[in-house]
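Peer 1: Quick check, what structure comes out for this input:
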Amino acid sequence: MSEEISEGSIVRYGGTGTVGIVKVLKTEEDGEKWALLDSTGLYYHLSTLQPIEKMPERREIGARTLEEMQERMKAEEERMKSVKMEDESVESGG
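Peer 2: Next up, the predicted model:
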């Protein structure tokens with residue numbers, strides 16, 4: 001680590017790309033250091049975190065906005081309704 005991580009640092013977790021602000025630093029009895037991130041409410045081992053200059057734009061994080069998710073869900077519901085209607089019109093033997 002070229003830069004020291006402290007409370008208030010903006011960091012990225014390498015495993016998933018999760019980004020957050022360090023809220024709490026704690027050191028265990030065995031000397032292991034952990035950081036609590038605001039974005040997940042989870043502790044991460046300091047060796048797995050990388051300090052970054054600034055928070056990335058939402059698009060860079062890979063998260064969709066609530067509106068985008070709602071639009072996708074509505075489109076998927078409409079698609080499923082049309083598939084169901086097609087299925088109901090097909091005759092079946094029985």
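
Peer 1: S9 against K23, yeah?
Peer 2: No - counting by CB atoms under 8 Å, S9 sits too far from K23 to count as a contact (10.1 Å). No exception for glycine: its C-beta is placed from N, CA and C like everyone else's.

Peer 1: Those two: which has the busier surroundings?
Peer 2: The neighbour comparison of S9 against K23 (other CB atoms under 10 Å) goes to S9, with 16 against 13.

Peer 1: so the closest residue to that one other than its chain neighbours is in which element?
Peer 2: What sits nearest to S9 in space, not counting adjacent residues and going by CB to CB, 6 or more residues apart in numbering, is V22, at 4.8 Å. V22 belongs to strand 19-27 when assigned by DSSP states H and E.

Peer 1: Tell me, how many residues neighbour the closest residue to K33 other than its chain neighbours?
Peer 2: Using CB to CB, 6+ apart and skipping residues adjacent in sequence, the residue nearest K33 is L46, 4.2 Å away. Around L46 there are 17 other residues, counting by other CB under 10 Å.

Peer 1: now do the one 4 residues further on
Peer 2: Taking other CB under 10 Å as the criterion, the count of residues near Q50 is 14.

Peer 1: So it belongs to a strand, correct?
Peer 2: Yes - under DSSP: H, G, I helix; E, B strand; the rest coil, Q50 sits within a strand.

Peer 1: List the residues that contact it.
Peer 2: M1, V11, R12, Y13, G14 (CB atoms under 8 Å, 6 or more residues apart in numbering).

Peer 1: at 7 Å what do you get?
Peer 2: Applying CB atoms under 7 Å, 6 or more residues apart in numbering to Q50 gives the contacts V11, R12, G14.

Peer 1: and the last one, how many neighbours?
Peer 2: By that I understand G14. 12.

Peer 1: I'd like to know how far it sits from L49.
Peer 2: For G14, the distance to L49 (CB to CB, to the nearest Å) stands at 8 Å.

Peer 1: for R79, helix, strand, or coil?
Peer 2: When classified by three-state DSSP, R79 comes out as helix.

Peer 1: I appreciate the help and will end here.
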